[in-house]
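Novice: Generate coordinates for the sequence data below:
(one chain, ligands or ions: 1)
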Amino acid sequence: MANQEDIFKKVVSHAKEYGFIFPSSEIYDGLGAVYDYGQLGTELKNNIKSYWWKAMVQYHENIVGIDSAIFMHPKIWKASGHVDAFNDPLIDNKDSKKRYRADVLIEDHIAKIEDKIKKECEKAQKRFGEAFNREQFVSTNARVLEHQKQIDEIHAKYAELMNNNDLVGLKQLILDLGIVCPISGTRNWTDVRQFNLMFATKMGSVIDDSDTLYLRPETAQGIFVNFLNVQKSGRMKIPFGIAQIGKAFRNEIVARQFIFRMREFEQMEMQFFVRPGSELDWFKYWKEERLKWHLALGIPAEKYRYHDHEKLAHYANAATDIEFEFPFGFKELEGIHSRTDFDLSRHSEFSGKKLQYFDSELNESYTPYVIETSIGVDRTFLAIFSHALKDETLEDGSTRTVLSLPPVLAPYKAAILPLVKKDGLPEKAREIMELLKYDFMVQYDEKDAIGRRYRRQDAIGTPYCITVDNETLEGAGVTVRHRDTMQQERVAIENLNSYLHEHIKPIKA
Ligand code: ATP
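Specialist: Model (predicted):
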């Protein structure tokens with residue numbers, strides 16, 4: 001079996017080769033941690049966004065969507081705390097001159113110990129076979145318990161240091177754990193420093209401090225500052241949500257994981273406004289609801305896990321991440337945060353405008369509490385894409401690469417392929433294109449032998465290949481080949497549209 005690193009390399013090269021993702025400004029040797037979506041990547045990305053938008057906005061009566069500007073009043077980032085506190089602790093290795101996030105070095109160290117536990121379990125599973133009871137094993141095996149104790153101790157120390165913003169302590173912990181630079185292999189570290197992740201720019205022609213704008217590092221603030229506009233114009237009643245999809249920008253210190261960590265990326269965020277006191281119930285609700293959304297994609301449940309935060313941001317009273325097992329291990333895919341009334345209160349304070357809600361049932365005004373769900377489009381893309389990409393050995397011993405995307409997310413829903421480039425087959429195929437293209441993204445392809453065309457469609461995730469042959473001209477319909485099973489069946493041309501509608505259903509979480 002290929003190792004994780006090989007799988008990841010394959011994901012990156014497949015994405016480029018087939019027009020999903022290109023390095024930005026490639027002919028100028030690229031720009032660090034910035035990527036462009038190509039012709040197929042854009043389709044897949046749009047379909048992911050549409051799946052989220054439908055699940056959040058269309059299927060919930062009490063959630064509406066907005067699209068706020070990227071540029072916002074600079075005071076917003078003072079109020080939100082980003083100017084003072086949107087920092088990452090950075091550390092350099094003096095020998096390799098490589099820069100790291102101190103928190104990530106520690107988390108990676110913990111992940112290595114978790115890996116040891118995983119390996120112990122796998123070994124034991126092999127030994128005990130059917131009789132293996134994981135829960136019992138991890139609660140009794142001496143080696144596992146020792147590893148777990150180590151993890152718990154590091155976690156506790158790490159959370160305390162992060163909460164106290166103790167940079168000296170963080171460096172000491174890195175030294176105590178014997179963490180070495182993966183490049184130089186040494187422990188020759190600089191002190192830990194804070195680094196603000198926001199990009200700044202100037203608006204207008206007068207250069208003074210008041211003109212400094214920030215590219216938004218999250219879309220959420222555009223929702224908070226429009227809370228009253230939406231609530232009043234939409235006559236929204238609490239509990240209700242405001243959703244938004246849009247670009248965000250962060251000057252990430254370490255950006256070496258393809259589209260997992262980019263400097264320009266896209267978020268899908270929803271802020272759900274609730275009565276004070278009910279927020280933890282809603283937090284639980286959204287935590288479960290969001291995981292269901294992921295699972296409905298058909299990816300196995302063991303690829304996901306919750307990671308509850310020990311270190312809570314100053315504004316949060318509960319927070320969890322949904323982590324996904326990427327080719328480089330379990331990492332955050334989505335955050336769910338109970339943000340209290342922090343944001344609305346701060347914007348009230350800084351703007352001088354009262355951001356409150358009159359609850360007619362209670363006959364009182366209050367500042368609503370907020371549950372946030374925040375997911376990266378690009379990380380979701382990477383999760384879905386890397387899971388879908390497979391090399392398969394077929395019964396006859398040949399191999400194929402297939403991208404088993406959920407049909408509704410696939411860039412093309414069907415490819416229309418005349419068996420040969422003559423005898424009127426291309427013309428018939430074009431007629432079928434005309435029939436389907438207003439409902440579905442379809443692609444016409446007449447180049448190369450049919451087998452090679454099937455393989456190409458498999459590699460880009462097209463769920464159905466519609467082949468036009470001589471019998472089609474005699475009224476016998478077309479063959480429809482299924483990507484995953486490679487089974488073929490004949491379908492009448494007049495039924496093709498409804499056939500595709502039936503087979504490509506929206507995903508319901
Ligand atoms: P991390 O700890 O990995 O830096 P974060 O906790 O800072 O992430 P949030 O601020 O909670 O992330 O952002 C919400 C979501 O936005 C994340 O779950 C992730 O999917 C996405 N996201 C954040 N930063 C990036 C980035 N640099 N590139 C791509 N997606 C990102």
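
Novice: So which residues of the stretch 401-509 of the chain form helices?
Specialist: Shown for the stretch 401-509 of the chain, the helices assigned by DSSP state H, counting those that start in this stretch span residues 425-436, 450-460, 470-473, 496-503.

Novice: Indicate which one of those is closest to the ligand.
Specialist: Closest to the ligand of the helices of the stretch 401-509 of the chain is helix 450-460 (CB to the nearest ligand atom; 23.4 Å). (Each C-beta comes from the backbone N, C-alpha and C, glycine too.)

Novice: for the closest one, packing partners?
Specialist: strand 399-403, strand 414-418, strand 464-468 (3 or more CB pairs under 8 Å, 6 or more residues apart in numbering; DSSP states H and E).

Novice: Now it: buried residues?
Specialist: Neighbour counts using 16 or more other CB atoms under 10 Å place Ile450, Arg453, Tyr454, Arg455, Arg456, Gln457, Asp458, Ala459, Ile460 of helix 450-460 among the buried residues.

Novice: can you tell me the average pLDDT over it?
Specialist: Averaged across helix 450-460, the pLDDT comes to 97.

Novice: C-alpha coordinates for that helix, PDB please?
Specialist: What follows is helix 450-460, C-alpha atoms only, in PDB (Å, rounded to 0.1, in the frame of the first residue of the first chain):
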ATOM      1  CA  ILE A 450     -13.700   4.700 -26.200                       C
ATOM      2  CA  GLY A 451     -11.700   2.900 -23.400                       C
ATOM      3  CA  ARG A 452      -9.300   5.800 -23.000                       C
ATOM      4  CA  ARG A 453     -12.200   8.200 -22.900                       C
ATOM      5  CA  TYR A 454     -13.900   6.200 -20.200                       C
ATOM      6  CA  ARG A 455     -10.600   6.300 -18.200                       C
ATOM      7  CA  ARG A 456     -10.400  10.000 -18.600                       C
ATOM      8  CA  GLN A 457     -13.900  10.500 -17.300                       C
ATOM      9  CA  ASP A 458     -13.200   8.100 -14.400                       C
ATOM     10  CA  ALA A 459     -10.200  10.200 -13.500                       C
ATOM     11  CA  ILE A 460     -12.200  13.500 -13.300                       C
END
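
Novice: So what touches that helix?
Specialist: 14, 18, 40, 400-403, 410-412, 415, 417, 419, 443, 445, 447-448, 465, 467, 481, 483, 486 (CB atoms under 8 Å, 6 or more residues apart in numbering).

Novice: Let me know which of the helices of the stretch 401-509 of the chain is the nearest to Leu291.
Specialist: Closest to Leu291 of those, according to CB to CB: helix 496-503, at 26.3 Å.

Novice: thinking again about what came up before, same list (the buried residues of helix 450-460) but as a markdown table, adding distance to Ala301.
Specialist: Output for the buried residues of helix 450-460, formatted as a markdown table (distance: CB to CB, whole Å):
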| residue | distance to Ala301 |
| --- | --- |
| Ile450 | 38 |
| Arg453 | 35 |
| Tyr454 | 32 |
| Arg455 | 31 |
| Arg456 | 32 |
| Gln457 | 29 |
| Asp458 | 26 |
| Ala459 | 27 |
| Ile460 | 27 |
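
Novice: and the ligand, which of these reach it?
Specialist: Among those, not one lies near the ligand by CB under 6 Å from any ligand atom.

Novice: Tell me the pLDDT of the residue nearest to Lys505 when sequence neighbours are not counted.
Specialist: Ranked by CB to CB, 6 or more residues apart in numbering and with sequence neighbours excluded, the top spatial neighbour of Lys505 is Val408, at 6.8 Å. As predicted, Val408 sits at a pLDDT of 97.

Novice: and the spatially closest residue to Val57 that is not a sequence neighbour, how many residues sit next to it?
Specialist: With sequence-adjacent residues excluded and distances taken as CB to CB, 6+ apart, Val57 is closest to Gly65, at 4.5 Å. Burial of Gly65, expressed as a neighbour count using other CB atoms under 10 Å, amounts to 17.

Novice: tell me the SS of Gly65?
Specialist: What DSSP: H, G, I helix; E, B strand; the rest coil gives for Gly65 is strand.

Novice: With Ala319 instead?
Specialist: Ala319 falls in the strand class when you classify it by three-state DSSP.

Novice: what residues are up against it?
Specialist: Under the criterion of CB under 8 Å, 6+ apart, the neighbours of Ala319 are Asp308, His309, Leu312, Ala313, Gly335, Ile336, His337, Ser338.

Novice: How far does the lengthiest helix in the chain sit from its chain's centre?
Specialist: Ranked by number of residues, the top helix in the chain under DSSP state H is helix 102-128. Distance, stretch centre to chain centre, for helix 102-128: 24 Å (CA atoms, centre = their mean, to the nearest Å).

Novice: And it, what's buried?
Specialist: Going by 16+ other CB under 10 Å, helix 102-128 has these buried residues: 102-107, 109-111, 113, 117, 120-121, 124.

Novice: just curious, which of those residues is nearest to Phe86?
Specialist: Using CB to CB, Asp103 is the member of these that lies nearest Phe86, at 13.9 Å.

Novice: show me the contacts for Ala248.
Specialist: Arg216, Pro217, Glu218, Thr219, Glu264, Phe265, Glu266, Gln267.

Novice: 10 Å instead, please
Specialist: 70, 215-220, 262-267, 269, 374, 376-377 (CB atoms under 10 Å, 6 or more residues apart in numbering).

Novice: quick one, strands of the stretch 201-350 of the chain?
Specialist: Counting by DSSP state E, counting those that start in this stretch, the stretch 201-350 of the chain has strands at residues 212-214, 240-249, 264-274, 304-308, 318-326, 329-340.

Novice: As a markdown table, these with mean pLDDT and distance to Asn3 would be great.
Specialist: Listed next are those as a markdown table, based on pLDDT from 0 to 100; distance: least, CB to CB, whole Å:
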| stretch | mean pLDDT | distance to Asn3 |
| --- | --- | --- |
| strand 212-214 | 90 | 41 |
| strand 240-249 | 98 | 33 |
| strand 264-274 | 98 | 27 |
| strand 304-308 | 96 | 22 |
| strand 318-326 | 97 | 14 |
| strand 329-340 | 96 | 12 |
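
Novice: Out of those strands, which is the most enclosed?
Specialist: Highest mean neighbour count among the strands of the stretch 201-350 of the chain (mean count of other CB atoms under 10 Å): strand 264-274, with a mean of 23.

Novice: Tell me the strands beside it, with direction?
Specialist: strand 240-249 (antiparallel), strand 369-376 (antiparallel) (DSSP bridges).

Novice: Tell me how far that strand lies from the chain's centre.
Specialist: Mean-position distance between strand 264-274 and its chain equals 12 Å (CA atoms, centre = their mean).

Novice: next one: stretch 490-498
Specialist: From the chain centre to the centre of stretch 490-498 is a distance of 36 Å (CA atoms, centre = their mean).

Novice: measure that stretch end to end?
Specialist: 14 Å (CA to CA, to the nearest Å).

Novice: how about it: buried residues?
Specialist: Val491, Ile493, Leu496.

Novice: residues in contact with the last one?
Specialist: Counting by CB under 10 Å, 6+ apart, Leu496 touches Ala414, Ile416, Ile432, Leu435, Leu436, Asp439, Phe440, Tyr464, Ile466, Gly477, Val478, Val480.

Novice: just Ile117 next, same as before
Specialist: Shown in contact with Ile117 (CB under 10 Å, 6+ apart): Phe137, Val138, Asn141, Arg143, Val144, Leu145, Glu146, His147, Gln148, Ile151.

Novice: Compute the distance between the fourth one and the ligand, please.
Specialist: Right, the one you point to is Arg143. According to CB to the nearest ligand atom, to the nearest Å, Arg143 stands 30 Å off from the ligand.
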